[in-house]
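Peer 1: here is a sequence together with a model predicted from it:
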Amino acid sequence: MTKAFNTPTKLIVFTDLDGTLLDHDTYTWTPAQPALTLMKSLGVPLILASSKTAFEMVDLRQELGFEHCPAIVENGAGLLPAFAQPTQDASQHSQIAQALSQMSSDLRTCFAGFSDWSPEHCAQMTGLPVKQAKAAQQRQFSEPGVWSGTDAQLDQFLKILAEQGISARRGGRYLTLSFGATKADWMAQITVNFDPKPATMALGDAPNDVEMICAADFGVIISNTHGPSIPTLAAEAAQPIIRTTLAGPQGWNIEVLARLEKMYEEKE
């Protein structure tokens, strides 16, 4: 029997970036190139969903060849529309910065955010080149940072922020403050625009990806050896959620190729 692939859109792939589609250390997606190439040939949309800013995502999205797809930015706090360039509206980030400035010094000094760092220090902390670090500091909807205080201080810190509508989410490396929208929220809004509605696949490696993974028809937890991993989920017993053996784009490539073959392959 020979293998052939259909072309109608049956699937949308939503993916985290750092540690998932991008290698944690090198930020390369090269090992995922076979799956990305097949997705393009089949017309399968790729929705990037990351803590990265729109200013970081716009060039990466174009390099990957999926500028015709929207991108979920800043951990789900905002959206970069298809073909669009980032706007300069940073009103939500300004509200977060104001809330932080009103904190008592004993709590404020426990949180070091991207906006607190020089571009050089941000580059050192993130492992990014300085140019990319500057793009990472162009926040519009959220403020990621490093927490150095106690658990008791963190509880107090989060309680004060919650009184102003600001929530915190733990990602692979950072604690990110925002007004609460999630990657899963945007996934639901994006898929509703397709008729007929395709199946969804979501891949991620950190706790901030859990809602997106559980909301997808096919969830993939990428092996994570560099930060907080995703614990066993109750949803794993009830729906198709796969855990990879390989980390980053290697594991990503295997699972996306397998899903594409299952959904698009026709045996003749």
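Peer 2: Arrived safely, thanks for sending.

Peer 1: list the residues that contact the residue nearest to Q164 when sequence neighbours are not counted.
Peer 2: Counting by C-beta to C-beta, 6 or more residues apart in numbering, A99 is the residue found nearest to Q164 once chain neighbours are left out, at 5.0 Å. (Glycine included, C-beta is placed from N, CA and C.) Contacts of A99 were listed using C-beta atoms under 8 Å, 6 or more residues apart in numbering, and they are 160-161, 164, 166.

Peer 1: the closest residue to I242 other than its chain neighbours: which element?
Peer 2: Distances taken as C-beta to C-beta, 6+ apart place V220 nearest to I242, at 5.1 Å, with adjacent residues excluded. Taking DSSP states H and E as the definition, V220 sits inside strand 218-223.

Peer 1: pairing partners for the helix or strand following that strand, with directions?
Peer 2: Using DSSP H and E, the helix or strand that directly follows strand 218-223 along the chain is strand 241-247. If you go by DSSP bridges, strand 241-247 pairs up with strand 218-223 (parallel).

Peer 1: gap between the partner strand and the chain center?
Peer 2: On the basis of C-alpha atoms, centre = their mean, to the nearest Å, strand 218-223 is displaced by 13 Å from the centre of the chain it belongs to.

Peer 1: likewise for stretch 109-116?
Peer 2: 21 Å.

Peer 1: returning to that earlier point: just the buried residues from the contacts of A99, in ChimeraX please.
Peer 2: What follows is the ChimeraX syntax for the buried subset of the contacts of A99, where burial is set by 16 or more other C-beta atoms under 10 Å:
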select :160,161,166
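
Peer 1: quick one: which of the contacts of A99 is nearest R259?
Peer 2: I166 (36.2 Å; C-beta to C-beta).

Peer 1: closest to the centroid, which residue in the protein?
Peer 2: In the chain, the C-alpha closest to the average C-alpha coordinate belongs to S50, at a distance of 2.3 Å (C-alpha atoms, centre = their mean).

Peer 1: let me know the pLDDT of it.
Peer 2: According to the prediction, S50 has pLDDT 92.

Peer 1: and for E266?
Peer 2: The predicted structure lists E266 with a pLDDT of 55.

Peer 1: now do stretch 106-121: everything it contacts.
Peer 2: Taking C-beta under 8 Å, 6+ apart as the criterion, the residues outside stretch 106-121 that touch it are 93, 97, 100-101, 122, 125, 130, 133-134, 136-137, 139, 143-149, 153-154, 156-157, 160, 175, 177.

Peer 1: what of stretch 122-139?
Peer 2: 25, 27, 52-56, 74, 86, 90, 93, 114-115, 117, 119-120, 146.

Peer 1: among those, which ones are in helices?
Peer 2: When DSSP state H is applied, the contacts of stretch 122-139 are split such that 54-56, 93, 119-120 fall in helices.

Peer 1: and which of those residues is nearest to G251?
Peer 2: Distance to G251 across the ones in helices among the contacts of stretch 122-139 (C-beta to C-beta) is lowest for E56, with 22.7 Å.

Peer 1: pLDDT below threshold where in the chain?
Peer 2: Confidence mapping of the chain against pLDDT under 70 gives the ranges 1-8, 171-172, 266-268.

Peer 1: quick one on the thing from earlier: residues touching the residue nearest to I242, list them.
Peer 2: Contacts here follow C-beta under 8 Å, 6+ apart; on that basis V220 touches 201-204, 213, 241-244, 251-252, 255.
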